[in-house]
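J.: structure here, sequence nowhere to be found:
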């Protein structure tokens, strides 16, 4: 079974406004309401690709119930902890001449809520996959990812971590199955600027030397690369297409990688499936669907 964790899920309210002006009444030309959060995105794309998962995390208030309803409507299983105080956040994404975002805070997560999440994670075992994705809310310990991985160490759970800076570096000692920074995040870790695959590869290998089994780097319009635990390097430009919405593309890449790996146990296939799944989401208003991914795979001769 695949499990995803989103500590601070959201309702994403995406609005299009022609020539937005501050201090004025602006009217939308388009609106989308979607469940948001990196782990939730992974679960949705996995479902679109034909694989079941269970979305874990915290929810609160009427917005939390709406997140659960939206996931159920997409046939995604969720098992959130119901937090007593506050409400799940609403993130507003304004698309106009410039893109702007206003992100909500989220509920007050207590130690007892975290303990309930740990009880659920204690059920994971040999062969399960766990995706830890995104930032950690200020109301939770900064070591939460480390604490989870230490708790599950030795149980045969394949853990995927999609996080930045210290959140990522600090878990490498627990040997995550896969990590997926982008080239800019990789550069931030080592204090360098990385723009080409030739520049990225040695630093990706450094993360592997620090403990990661497989390192996948997303590079937006320059595609991506994968350094595998058996010493292989795969790199590719992305399939061709028009970028419509980059939100969720990185999460889709993770879901695509897991799809390819689960179906074939082949890292090369997993890499290309991940690359095309991320691109399929970027080329659409919604998250990637299987037929879109397969079309893009064929365009790369896969």
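T.: Sure, I can see it. Computed from a predicted model, the values in this text were never measured in an experiment.
J.: strands along this structure, start to end?
T.: All strands of the chain, identified by DSSP state E, fall at 2-6, 10-17, 28-36, 53-59, 77-82, 89-95, 99-102, 129-133, 158-162, 178-179, 214-218, 224-227, 233-236.
J.: may I see these arranged in TSV, with distance to residue 280, mean neighbour count and mean pLDDT as well?
T.: Heads up, the C-betas are built off the backbone N, CA and C, glycines and all. What follows is the strands of the chain, written out as TSV (distance: least, Cβ to Cβ, whole Å; neighbours: other Cβ atoms under 10 Å; pLDDT from 0 to 100):
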stretch	distance to residue 280	mean neighbour count	mean pLDDT
strand 2-6	19	25	97
strand 10-17	18	19	94
strand 28-36	16	16	93
strand 53-59	18	23	97
strand 77-82	23	18	96
strand 89-95	20	19	93
strand 99-102	21	11	91
strand 129-133	18	25	96
strand 158-162	18	24	96
strand 178-179	19	26	97
strand 214-218	14	26	96
strand 224-227	14	24	96
strand 233-236	15	16	95
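J.: Throw the ones you listed into TSV and include distance to residue 186, thanks.
T.: Formatted as TSV, these follow (distance: least, Cβ to Cβ, whole Å):
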stretch	distance to residue 186
strand 2-6	23
strand 10-17	26
strand 28-36	25
strand 53-59	26
strand 77-82	31
strand 89-95	26
strand 99-102	23
strand 129-133	17
strand 158-162	13
strand 178-179	10
strand 214-218	6
strand 224-227	11
strand 233-236	14
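J.: of all those, which one is nearest residue 193?
T.: Among the strands of the chain, strand 214-218 comes nearest to residue 193, with 14.2 Å by Cβ to Cβ.
J.: residue contacts, the residue positioned nearest the centre of the chain?
T.: Taking Cα atoms, centre = their mean, the centroid of the chain lies closest to residue 251, which sits 3.2 Å from it. Applying Cβ atoms under 8 Å, 6 or more residues apart in numbering, we find residue 251 in contact with 38, 39, 41, 42, 45, 133, 162, 281.
J.: for residue 286, report the pLDDT, please.
T.: Note on residue 286: pLDDT of 88.
J.: neighbours of the nearest residue to residue 133 once chain neighbours are set aside, just the number please.
T.: Among residues not flanking residue 133 along the chain, residue 38 sits closest, at 3.5 Å (Cβ to Cβ, 6 or more residues apart in numbering). For residue 38, the count of nearby residues is 23 (other Cβ atoms under 10 Å).
J.: isn't residue 38 right up against residue 6?
T.: Yes: the criterion here is Cβ atoms under 8 Å, and residue 38 meets it with residue 6 at 6.4 Å.
J.: let's have the contacts of residue 251 in CSV, adding distance to residue 102.
T.: As requested, those are arranged in CSV below (distance: Cβ to Cβ, whole Å):
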residue, distance to residue 102
38, 18
39, 21
41, 19
42, 24
45, 25
133, 21
162, 23
281, 22
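J.: what's the closest of these to residue 244?
T.: Relative to residue 244, the closest of the contacts of residue 251 is residue 281; by Cβ to Cβ it sits at 9.2 Å.
J.: and that closest one, what is it in contact with?
T.: Contact analysis of residue 281 by Cβ under 8 Å, 6+ apart lists 45, 245, 248, 249, 251, 252, 287, 288.
J.: quick check: neighbours shared by residue 38 and residue 6?
T.: Between them, residue 38 and residue 6 share these contacting residues under Cβ under 8 Å, 6+ apart: 133, 134.
J.: contacting residues around residue 41?
T.: Contact partners of residue 41, counting by Cβ under 8 Å, 6+ apart, are 133, 248, 251, 252, 255, 287.
J.: apply 6 Å and report the result again.
T.: Residue 41 makes contacts with 248, 251, as judged by Cβ atoms under 6 Å, 6 or more residues apart in numbering.
J.: and residue 287, by the same measure?
T.: Neighbour list for residue 287: 44, 45, 248, 252, 281 [criterion: Cβ under 6 Å, 6+ apart].
J.: please repeat the previous calculation with a cut-off of 7 Å.
T.: Residue 287 makes contact with 41, 44, 45, 48, 248, 252, 281, according to Cβ atoms under 7 Å, 6 or more residues apart in numbering.
J.: return the distance of it relative to residue 47.
T.: With distances taken as Cβ to Cβ, to the nearest Å, residue 287 is found 9 Å from residue 47.
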